[in-house]
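>>> the sequence and its predicted three-dimensional model are supplied below.
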Amino acid sequence: ATPTAVMVATGVGANNGVLIKGAESLERAQMVKYVIFDKTGTLTQGKATVTAAKVFAGMDRGEFLTLVASAEASSEHPLAKAILQYARHFHFFDESSPTSGTKTDAEEFKSGWLYNVSDFSALPGRGVQCDIDGRRILVGNRKLLEENGINISREVENFVVELEESAKTGILVAYDDILIGVLGIADPLKREASVVIQGLQKMGVVPVMVTGDNWRTARAVAKEVGIQDVRAEVMPAGKADVVRSFQKDGSIVAMVGDGINDSPALAAADVGMAIGAGTDVAIEAANYVLMRDNLEDVITAIDLSKKTFFRIR
Ligand code: ADP
Ligand code: MG
């Protein structure tokens with residue numbers, strides 16, 4: 001392609017919110033064999049909502065939700081945001097809550113209703129832990145609870161499995177070494193996701209999904225969107241290894257992701273595509289920025305590359 005053709009393509013991309021970093025990025029996209037998609041915030045809308053909250057210990061529902069929300073208050077994770085919103089709604093507005101309708105100032109509404117926590121830590125790929133009232137609280141996935149030797153009863157396990165089979169993420173909560181409850185969190189697919197996956201397959205490109213979420217939820221989401229190849233329970237650092245494993249036979253691999261978690265994988269890919277407003281780190285690591293947060297632009301990017309380079313070969 002002539003420098004003019006590259007310039008034109010770059011301009012067409014920019015008009016569609018597809019920012020291309022350099023001629024080499026533009027050239028490589030047409031050779032892509034695998035497109036690896038992050039799940040949360042990339043294939044899904046990244047707008048998690050709590051759809052179920054079940055208390056298993058003899059604990060009051062409001063008490064349970066306030067404990068969980070207090071533990072999650074210092075976390076930046078989308079799951080934490082969903083949990084806080086749900087618990088806050090219960091505390092201030094749910095008719096079955098004794099604190100419903102309480103008049104409050106802004107500070108009370110934001111965090112004044114939460115318990116004080118100490119020793120907080122966020123555990124990537126697992127959840128959070130801290131102390132409340134001198135007792136340890138753990139909020140996260142099975143792995144987190146198992147590592148801490150918390151007993152998961154058959155009843156709890158069945159409930160979590162049920163959530164996961166319907167594509168929801170189950171978040172388990174232990175307080176003072178006892179499992180006190182489970183939250184189910186849903187994050188709907190982006191509307192265009194399935195069509196884009198089909199489109200890629202028609203172009204001979206193989207879609208893959210990678211996620212830190214558990215296997216059962218991951219498989220349910222992959223099935224919904226039409227992806228056959230899934231890699232789940234991947235720790236943040238492991239996503240780049242997944243990219244490398246697909247590159248082993250010399251294949252050109254694209255990675256599409258939105259989070260800080262994804263930046264090593266975006267950097268490792270031959271074609272890294274940061275999607276959405278994303279984090280600066282992800283944008284930095286990528287060859288493409290898909291500003292519209294629309295998965296169709298993955299195809300736009302490949303098409304643009306083909307139109308610019310394919311015909312003259
Ligand atoms: P993803 O690759 O889907 O963005 P993450 O690596 O961020 O996933 O998280 C993987 C899993 O770790 C989540 O599905 C959840 O089970 C657990 N987890 C992570 N952070 C939190 C949190 N703040 N609260 C509860 N669970 C969490
Ligand atoms: Mg993500």
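Received the coordinates, thanks. Note that the structure is a prediction, hence the values are computed from the model and not measured. Ligands and ions are numbered 1, 2, ... in the order given.
>>> next, the buried residues of the helix or strand containing Thr51.
Take DSSP states H and E as the rule and Thr51 turns out to sit in strand 49-55. Residues Thr49, Val50, Ala52, Ala53, Lys54, Val55 are the ones in strand 49-55 that count as buried (16 or more other CB atoms under 10 Å). (Each C-beta comes from the backbone N, C-alpha and C, glycine too.)
>>> repeat that for stretch 280-299.
281-283, 285-291, 293-299.
>>> so after the helix or strand hosting Glu24, what's the next helix or strand?
Per DSSP H and E, Glu24 falls inside helix 23-28. Scanning forward in sequence from helix 23-28 by DSSP H and E, the next helix or strand is strand 32-38.
>>> mean confidence for that next one?
Throughout strand 32-38, pLDDT has a mean value of 97.
>>> again with stretch 255-272
Stretch 255-272 comes out at a mean pLDDT of 92.
>>> do stretch 182-201 as well
98.
>>> near ligand 2, which residues of this protein show up?
Asp38, Thr40, Gly41, Asp258, Gly259 (CB under 5 Å from the ion).
>>> on that earlier part again, can you name every helix or strand that the very next helix or strand once past the strand holding Thr51 contacts?
Following strand 49-55 in sequence order, the next helix or strand is helix 61-72 (DSSP H and E). With contacts taken as 3 or more CB pairs under 8 Å, 6 or more residues apart in numbering; DSSP states H and E, helix 61-72 sits against strand 49-55, helix 78-93, strand 127-132, strand 135-140, strand 169-175, strand 178-186.
>>> now do 10 Å
Judged by 3 or more CB pairs under 10 Å, 6 or more residues apart in numbering; DSSP states H and E, helix 61-72 is in contact with strand 49-55, helix 78-93, strand 118-123, strand 127-132, strand 135-140, strand 169-175, strand 178-186.
>>> what strands line up against the third one, and which way round?
When you say that, I think you mean strand 118-123. strand 127-132 (antiparallel) (DSSP bridges).
>>> doesn't Ser75 belong to a strand?
No - according to DSSP: H, G, I helix; E, B strand; the rest coil, Ser75 belongs to no strand; its state is coil.
>>> can you give me every residue that contacts it?
Shown in contact with Ser75 (CB atoms under 10 Å, 6 or more residues apart in numbering): Lys81, Ile83, Leu84, Phe120, Ser121, Ala122, Leu123, Gly127, Val128, Cys130, Val139.
>>> and the first one, how far is that from ligand 1?
Looking back up the chat, that one is Lys81. Lys81 sits at a distance of 9 Å from ligand 1 (criterion: CB to the nearest ligand atom, to the nearest Å).
>>> before we move on, the earlier item: quick one: buried ones out of the contacts of Ser75?
Ile83, Leu84, Phe120, Ala122, Leu123, Gly127, Val128, Cys130, Val139.
>>> between those, which is nearest Glu164?
Gly127 (15.6 Å; CB to CB).
>>> residues near the closest residue to that closest one other than its chain neighbours, how many?
Closest residue in space to Gly127, ignoring its immediate chain neighbours: Gly140 at 1.6 Å, by CB to CB, 6 or more residues apart in numbering. By the criterion of other CB atoms under 10 Å, Gly140 has 24 neighbours.
>>> I'd say Gly140 and Arg126 touch.
Yes - between Gly140 and Arg126 there is a contact at 4.8 Å, judged by CB atoms under 10 Å.
>>> show me where the stretch 151-300 of the chain has its helices.
154-165, 193-202, 215-225, 238-247, 263-268, 280-285, 296-309 (DSSP state H, counting those that start in this stretch).
>>> hey, which of the ones you listed is tucked in deepest?
helix 263-268 (a mean of 24; mean count of other CB atoms under 10 Å).
>>> how far off centre is that one?
From the chain centre to the centre of helix 263-268 is a distance of 16 Å (CA atoms, centre = their mean, to the nearest Å).
>>> for stretch 252-260, same thing?
Per CA atoms, centre = their mean, the centroid offset for stretch 252-260 relative to its chain is 12 Å.
>>> now do stretch 266-283
Distance, centroid of stretch 266-283 to centroid of chain: 14 Å (CA atoms, centre = their mean).
>>> end-to-end on it?
9 Å (CA to CA, to the nearest Å).
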